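Undergrad: With the input below, show me the fold.
(2 chains)
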Amino acid sequence: MLVKKSRNRLLILFLFLLVLGSFTILIINTLKDNLLYFFTPTEIKNKEDIASNKILRIGGMVKKDSVRSSRSGVEFIITDFKNEIQVTFDGSLPNLFSEEKGVIAQGMLKDKEFFIADKVLAKHDENYMPPEIKKIEKK
Amino acid sequence: MALSGNIFLVITLLTTILILFESINQIIKSVASYKILDLLSKVQVTAIITSFLLLICAFIISDFSVINVYENSHTAKPLFYKISAAWGNHEGSLLLWINLLIFFAFIFFRSARKKNEENKYILWVLLFQNIIVLVFLLFLLISSNPFLELNPQPVEGLGLNPILQDPALAIHPPLLYVGFVGSSIYFSAALSSLVTQQNKRQFALSIKNYVFITWFFQTLGILAGSIWAYYELGWGGFWFWDPVENSSLMPWFAMNALAHSLIVLEKKNIYYHWSIILALMTFLLSVTGTFLVRSGILNSVHSFANDPTRGLFILLILFTLILISIFVFFRHEKENFLNNSHIKSREFFLLINNWLMVFFLAVVLIGTTYPIFLQVISDQLISVGPPYYNFLIVPFAIPMLLLMGLATKLSWNQNNSLLKKNHLAYLVLSFLVLIIINITIQNISFLSSVIFISAFFLIFQNLHEIVIFLKTKKTLMNYHFSHLGFALLILFIGLNHNFSREYNFNLTPGEKVDLDHYEIEFKNLQQTNRENYNVLVGNFLIQNKKTGKEKMFFPEIRLYNNPQTITYEADIATQVDLDLYLTMSNLPRSEFYSIKFQSKPFMLWIWVSVFLIALGLISKFFLRRYGKID
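TA: Residues are numbered from 1 along each chain as shown, chains lettered A, B, ... in the order given. Take a look at the predicted model:
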């Protein structure tokens, strides 16, 4: 009886650890698959291995006089004052999107100069500036 | 105004210190005479509330000699937003935070004495709570005093970010704060209970009401935030897994787990240490969450991290405490968790709730904080996409719904039969409804189908119980409403997810566009001036091609002056079965306007379901007179 009980407990403990372990692996794996990396145009330019089929984020300022729109969508240039990248987007732009303000585009790279966004984010703060730009301006 | 505000803050500080001395004194001498403490706590609560009212007054009369008012208000702002601006900024919200800390201490002190709780326990709670008050009060006075004076007094204020000028967002922080700060009282109670070696069951009885009340406010706070995000951010979504949202959701999970484990503690006198851990964790998560949001450290969809190293310190404390709790848990509660011989008892099912909640909490915590750690370690900026959360959380709604349906029919302690005959009926009914949806509307993915079946299962079960209650007036558990609300929430989110449609296109005034079920005509644009902004109003005629019904929509582009900002206001037609959502934004140097049109079914019901969850949490306070309430 006693043996059976302790064997039972061992089994439960084992199951418990198994479940805990598998959930940890599940969380870590899902996390790894869903990380969105953030780059500046300069980082994109200097990067050797650009995966064109991976979703990523590009941040910087919307270049002055760069926004062009047509019936099908919007095009604009994201700049970090060193390098630029052309972005196309066919959704609707968020509140507070404007030229010479900070912006984040999420989507995929076509090549190092061309980015197809499926989401555009701007911050809800009139003094907003992406941290990279701040860093650049400080230098 | 600034001077009197400061005076009341100092009075609060002094009484807080006196309460600390007095309670320590009484603990050491092990006497309990509440006369002095009673007086002190009355002075304390009056002083802090007065100081907060003074701040609100300063905002109402636009007293720009107070820096805080100058920075966050403007004479042209509507009265309502002048008032809400008082807690819309960092200093004011911290003052509100302290108000609530003291208020909860005051309420606890009064009601615990009425309930004849152990004197030592009350004194220790008072002691711990006032230590928390002292810490925040010092922080307020030293680094973020809302009553700093500005000399000479400027004539006009800087204004409040127009996006924050919104009724839902005005009430959102106070609601959330009641939840966040209210959890401090069971934090203090948990520590006090550990110190005084109080009767374990007594602890559950002592804090139970506070848990449910704070959980209620937390739920409403999250709801208000979601509603705001839905109509203000212009994307038509209501939940983004944004770190800011996550930090309000984490304490919610902890409260949920705590409420369930307290039920077991009260009935079975087990899971005591586990409940203590959850009580401590709830407040810690609230504090870290608020801190991270308010200091702008969190990397969010609409904000970017300022300096992650500041947040790292707080996060390290949080994670150390989590490790300590895991250690405490394994020391004290392992037996209860491993030695459960009655797998089919209610306490075991409540335990599963706790595991699920801890799992959700871990998922959200890791997803929210990992980017901060990574940025500090490797300078690499990342964010965690919503698919991470959806993938890890959505599938687990299925076992949760099903187990919720089974658990409430089980009795305590014994190994009774798991499936009641009713359960089979509910399940069959759920299948039928799903088949009807599939045939009449459209095919649904496998995962969604299973979620719908489990949601219907729980809905039918709870509806049945509520019908029985209405007939017999015999027994009703408060959880029936919350569980029903939860099942409905999952159902409507699922339907919304499956049947939402979104169209993006660019139009110039005078043009028409033809979509699947709708025809949209951009008639013209009007420019007008309003109280504190200029506005471009678009006139759109939307016709439903099936029914022929027509409706005008008026989305806006607003130009605020103080501070200068452009915002897009969606026009939303809320109907019983679906919302039509139209936003218009302008594009630089172009005659085109970017239009986003969405049809989103059952939005209203998503809000109603959350409200039902919240209502269920406090239903026991007004349902008590109808028969037995558990």
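
Undergrad: Is the longest helix seen in chain A positioned near chain B?
TA: The longest helix of chain A (DSSP state H) is helix A:2-33. Yes. Under the criterion of Cβ under 8 Å from any Cβ of the partner chain, helix A:2-33 makes contact with chain B via A:9, A:12-13, A:16, A:23, A:26-27, A:30-31, A:33. (C-beta placed from N, C-alpha, C; glycine too.)

Undergrad: Any of these buried? List them.
TA: A:27, A:30-31 (16 or more other Cβ atoms under 10 Å in any protein chain shown).

Undergrad: do you know how far the residue lying closest to B:N89 once chain neighbours are set aside is from chain A?
TA: Closest residue in space to B:N89, ignoring its immediate chain neighbours: B:N72 at 4.6 Å, by Cβ to Cβ, 6 or more residues apart in numbering or on different chains. To chain A, B:N72 is 13 Å away according to Cβ to the nearest Cβ, to the nearest Å.

Undergrad: Quick check, pLDDT for B:N72.
TA: At B:N72, the pLDDT value in this model is 84.

Undergrad: returning to that earlier point: could you export the buried ones among the residues of helix A:2-33 next to chain B as JSON lines, including pLDDT and distance to B:Q461?
TA: What follows is these, written out as JSON lines (pLDDT from 0 to 100; distance: Cβ to Cβ, whole Å):
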{"residue": "A:I27", "pLDDT": "91", "distance to B:Q461": "31"}
{"residue": "A:T30", "pLDDT": "90", "distance to B:Q461": "31"}
{"residue": "A:L31", "pLDDT": "90", "distance to B:Q461": "35"}
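
Undergrad: Report the next helix or strand after the longest strand that chain A contains in sequence order.
TA: Using DSSP state E, we find that the single longest strand of chain A is strand A:102-111. Beyond strand A:102-111 on the C-terminal side, the first helix or strand identified by DSSP states H and E is strand A:114-121.

Undergrad: helices and strands around that following strand, which ones?
TA: strand A:84-89, strand A:102-111 (3 or more Cβ pairs under 8 Å, 6 or more residues apart in numbering or on different chains; DSSP states H and E).

Undergrad: Note down every partner strand of that strand and its orientation.
TA: Partners of strand A:114-121 in the sheet, by DSSP bridges, are strand A:84-89 (parallel), strand A:102-111 (antiparallel).

Undergrad: Arrange the ones you listed in JSON lines, one row each, with mean pLDDT, mean neighbour count and distance to B:P167 as further columns.
TA: Listed next are the strands paired with strand A:114-121 as JSON lines, based on pLDDT from 0 to 100; neighbours: other Cβ atoms under 10 Å in any protein chain shown; distance: least, Cβ to Cβ, whole Å:
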{"stretch": "strand A:84-89", "mean pLDDT": "92", "mean neighbour count": "20", "distance to B:P167": "32"}
{"stretch": "strand A:102-111", "mean pLDDT": "87", "mean neighbour count": "19", "distance to B:P167": "28"}
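
Undergrad: of those, which approaches B:N199 most closely?
TA: The closest of the strands paired with strand A:114-121 to B:N199 is strand A:102-111. By Cβ to Cβ, the value is 54.4 Å.

Undergrad: Compute the inter-axis angle for the very next helix or strand once past the longest helix of chain A and strand A:84-89.
TA: Later in the chain than helix A:2-33, the nearest helix or strand by DSSP H and E is strand A:35-39. Taking axes from the mean of the first three to the mean of the last three Cα atoms, to 10 degrees, strand A:35-39 and strand A:84-89 form an angle of 130 degrees between their directions.

Undergrad: Could you list the domains of chain A?
TA: A:1-35, A:37-138 (automatic domain parsing).

Undergrad: Now these in a markdown table, please, with extra columns for distance to B:L361.
TA: Converted to a markdown table, these look like this (distance: least, Cβ to Cβ, whole Å):
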| stretch | distance to B:L361 |
| --- | --- |
| domain A:1-35 | 12 |
| domain A:37-138 | 26 |
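
Undergrad: next one: phi and psi at the residue nearest to B:N89?
TA: The phi/psi pair for B:N72 (degrees, to the nearest 10) reads phi -120, psi 0.

Undergrad: What is the burial count for it?
TA: Using other Cβ atoms under 10 Å in any protein chain shown, B:N72 has 25 other residues around it.

Undergrad: And the longest helix of chain A, what does it pack against?
TA: Using 3+ Cβ pairs under 8 Å, 6+ apart, helix A:2-33 sits against helix B:334-338, helix B:346-378, helix B:386-393.

Undergrad: After the last one, which helix or strand is next?
TA: It refers to helix B:386-393. The helix or strand immediately downstream of helix B:386-393 is helix B:397-407, counting by DSSP H and E.

Undergrad: Which is the succeeding secondary structure element to that next one?
TA: By DSSP H and E, the next helix or strand past helix B:397-407 is helix B:421-440.

Undergrad: Tell me what angle that next one forms with helix B:397-407.
TA: Helix B:421-440 runs at 150 degrees relative to helix B:397-407, counting by the same axes, to 10 degrees.

Undergrad: so who does the residue positioned nearest the centre of chain B touch?
TA: For chain B, B:I222 is the residue whose C-alpha lies nearest the centre (Cα atoms, centre = their mean; 3.2 Å). Each residue near B:I222 by Cβ atoms under 8 Å, 6 or more residues apart in numbering or on different chains is listed here: B:176, B:245, B:248-249, B:252, B:610.

Undergrad: could those go into JSON lines alongside secondary structure, distance to B:Q129 and neighbour count?
TA: Converted to JSON lines, those look like this (DSSP: H, G, I helix; E, B strand; the rest coil; distance: Cβ to Cβ, whole Å; neighbours: other Cβ atoms under 10 Å in any protein chain shown):
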{"residue": "B:L176", "secondary structure": "helix", "distance to B:Q129": "20", "neighbour count": "26"}
{"residue": "B:E245", "secondary structure": "helix", "distance to B:Q129": "28", "neighbour count": "20"}
{"residue": "B:S248", "secondary structure": "helix", "distance to B:Q129": "22", "neighbour count": "22"}
{"residue": "B:L249", "secondary structure": "helix", "distance to B:Q129": "25", "neighbour count": "20"}
{"residue": "B:W252", "secondary structure": "helix", "distance to B:Q129": "22", "neighbour count": "24"}
{"residue": "B:V610", "secondary structure": "helix", "distance to B:Q129": "30", "neighbour count": "23"}
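
Undergrad: where does the residue nearest to B:K549 when sequence neighbours are not counted fall, phi/psi-wise?
TA: Nearest residue to B:K549 in three dimensions, chain neighbours excluded: B:Q543, at 7.1 Å (Cβ to Cβ, 6+ apart). In terms of degrees, to the nearest 10, the main-chain angles of B:Q543 are phi -120, psi 130.

Undergrad: Surely B:Q543 touches B:E550?
TA: Yes. Between B:Q543 and B:E550 there is a contact under Cβ atoms under 8 Å: 4.8 Å.

Undergrad: ok, those two, which is more surrounded?
TA: Counted by other Cβ under 10 Å, B:Q543 and B:E550 do not tie: B:Q543 has more neighbours, with 16 against 11.

Undergrad: Quickly check: stretch B:518-528 near chain A or not.
TA: No. Using Cβ under 8 Å from any Cβ, stretch B:518-528 stays clear of chain A, coming no nearer than 12.5 Å.

Undergrad: from the chain's centre, how far out does that stretch sit?
TA: Relative to its chain's centre, stretch B:518-528 lies at 37 Å (Cα atoms, centre = their mean, to the nearest Å).
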